[in-house]
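Colleague: got a structure for you, letters missing:
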């Protein structure tokens, strides 16, 4: 009986299916326990009810004063305005030749770890750059013609898209920098040659 009472002291911890006692004995013990709680310990029950009311009032007061840190985000969603996490066009970095990095597409492929040495696929660090010709700062037909002569087959006439690849370094970051450097040299070189020919 003491074991049952101690288990009932913690609500939700007792399970009738785990007890070896009969159902009748369990209910009789429970009845005696409730009677003991109501008769012999009224002060504890009263204190429990008072604490419950106090905690409820505290929770209500706290919930009324609570301010979510995402209020601004929810307000923007209701008003259908832009997100504060989106960067504006002025904040997007540009290359030296004037092309915005937002207009350039970089692609990589992950092959996973191999079972045999060197455990890394040869094209694991390969990076591909793709950019449409409309995003290139080429001002006249002379610059465009020189640009096509420089890039050769790397320019797709059907898609009007330039495609460059780099697998020179064992790092995707370095290969991406190398591609940006190549694109800068191509555009700046085409502009310089066009300016020299026009003189």
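Modeller: Yep, it's here. Keep in mind that this is a model prediction, so the values were computed, not measured.
Colleague: check contacts around residue 95.
Modeller: The contact partners of residue 95, by Cβ atoms under 8 Å, 6 or more residues apart in numbering, come to 101, 180, 183-184. Where C-beta positions appear, they are placed from N, C-alpha and C, glycine not excepted.
Colleague: From those, list the buried ones, please.
Modeller: Neighbour counting over the contacts of residue 95 (16 or more other Cβ atoms under 10 Å) leaves 180, 183 as the buried ones.
Colleague: Out of the contacts of residue 95, list just those in strands.
Modeller: The members of the contacts of residue 95 all map outside strands under DSSP state E.
Colleague: Out of the contacts of residue 95, show me where the pLDDT dips lowest.
Modeller: Lowest in pLDDT among the contacts of residue 95 is residue 101, which has 87.
Colleague: what's the neighbour count on the closest residue in space to that one that isn't next to it in sequence?
Modeller: Computed as Cβ to Cβ, 6 or more residues apart in numbering, the closest residue to residue 101 that is not its neighbour in sequence is residue 93, at 5.2 Å. Around residue 93 sit 8 other residues, with neighbours defined as other Cβ atoms under 10 Å.
Colleague: for the one 10 residues further on, same thing?
Modeller: Taking other Cβ under 10 Å as the criterion, the count of residues near residue 103 is 14.
Colleague: just the strands in this protein please.
Modeller: Under DSSP E, the chain gives strands at 105-108, 127-132, 155-156, 161-166.
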